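[1] Have a look at this prediction, sequence included:
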Amino acid sequence: MPLDFTAIDFETANSSSASACSVGLVRVRNGEVVASAGWLIRPPAGHDRFFDINVSIHGITPDRVRSAATWREQLPDLLAFIGDDVIVAHNAGFDVAVLRRACEATAAALPAIRSLCSVQLARKTYQLDSYRLPLVAAAVGFLDFAHHDALADALACAHIVIDAAGRAGASDVVELAMLLGVRIPEHAALVAAELATA
């Protein structure tokens, strides 16, 4: 099997996992970046307050998302980009939580997804003082990117996984996870009808 996956990164408006305000997506096929996309998101109602600390990190303000698509409006494009891929993120627990909580907040259906964490891969692959995204990206030669820009972060994550696979001699993400002793959990589908009555 080839090294195929989709790297993903979310930025949030506040401390709520449902407050997605930006997403970056990078498709990798046979170990090469072949497509990327990123856009702003109007966070779900009730999760749409922008905290100063979040704005200071990513620079996204309420004015910038005012005319952006809502979570439910943009979700089909996001899921179409991912397809059946394993999604990979730097601290995947955060990004999977954003995906699931935003769907729960909007009663939107979500198919089952599999995820792989590039922080876990990095800890098994590189000897670093810190495994923050910029430092791991620098270790693989991906330098000077706009950290906390969702698309730039997703691209950095993709390059980390490609490099880790090369070093491990892995031909696909399942083999990579197996060789490094990292899990690829499957997250259960969310069914819209159940969410609407919860």
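    Right, received. Where do you want to start? Numbering: from 1, shown residues only.

[2] Mind jotting down where the helices sit in this protein?
    Ranges of helices within the chain are 52-58, 62-65, 71-82, 92-105, 118-125, 133-139, 150-168, 173-180, 192-197, based on DSSP state H.

[3] among these, which is the most enclosed?
    Burial of these is given as mean neighbour count (mean count of other CB atoms under 10 Å); helix 150-168 ranks first at a mean of 23. Quick note: C-beta positions are derived from backbone N, CA and C, even for glycine.

[4] Who are the packing partners of it?
    Secondary-structure packing of helix 150-168 (3 or more CB pairs under 8 Å, 6 or more residues apart in numbering; DSSP states H and E): strand 5-12, strand 20-29, strand 32-40, strand 87-89, helix 118-125, helix 133-139, helix 173-180.

[5] Make CSV out of these and add mean pLDDT.
    Output for the helices and strands packed on helix 150-168, formatted as CSV (pLDDT from 0 to 100):
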stretch, mean pLDDT
strand 5-12, 98
strand 20-29, 98
strand 32-40, 98
strand 87-89, 98
helix 118-125, 98
helix 133-139, 96
helix 173-180, 98
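
[6] In TSV: those, plus distance to Arg101.
    Listed next are the helices and strands packed on helix 150-168 as TSV, based on distance: least, CB to CB, whole Å:
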stretch	distance to Arg101
strand 5-12	10
strand 20-29	9
strand 32-40	18
strand 87-89	15
helix 118-125	20
helix 133-139	21
helix 173-180	24
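
[7] Which helix or strand in the protein has the lowest average pLDDT?
    Here the helix or strand of the chain ranked lowest by mean pLDDT, DSSP states H and E is helix 192-197, holding a mean of 64.

[8] so where's the protein shaky on pLDDT?
    Along the chain, the model assigns pLDDT under 70 to residues 193-198.

[9] Please repeat the previous calculation with a cut-off of 90.
    Applying pLDDT under 90 to the chain flags the ranges 1, 143-145, 192-198.

[10] First-to-last residue distance for stretch 128-137?
    11 Å (CA to CA, to the nearest Å).

[11] Could you find the closest non-adjacent residue to Phe116?
    You called it Phe, but residue 116 is Leu. Nearest residue to Leu116 in three dimensions, chain neighbours excluded: Val88, at 4.7 Å (CB to CB, 6 or more residues apart in numbering).
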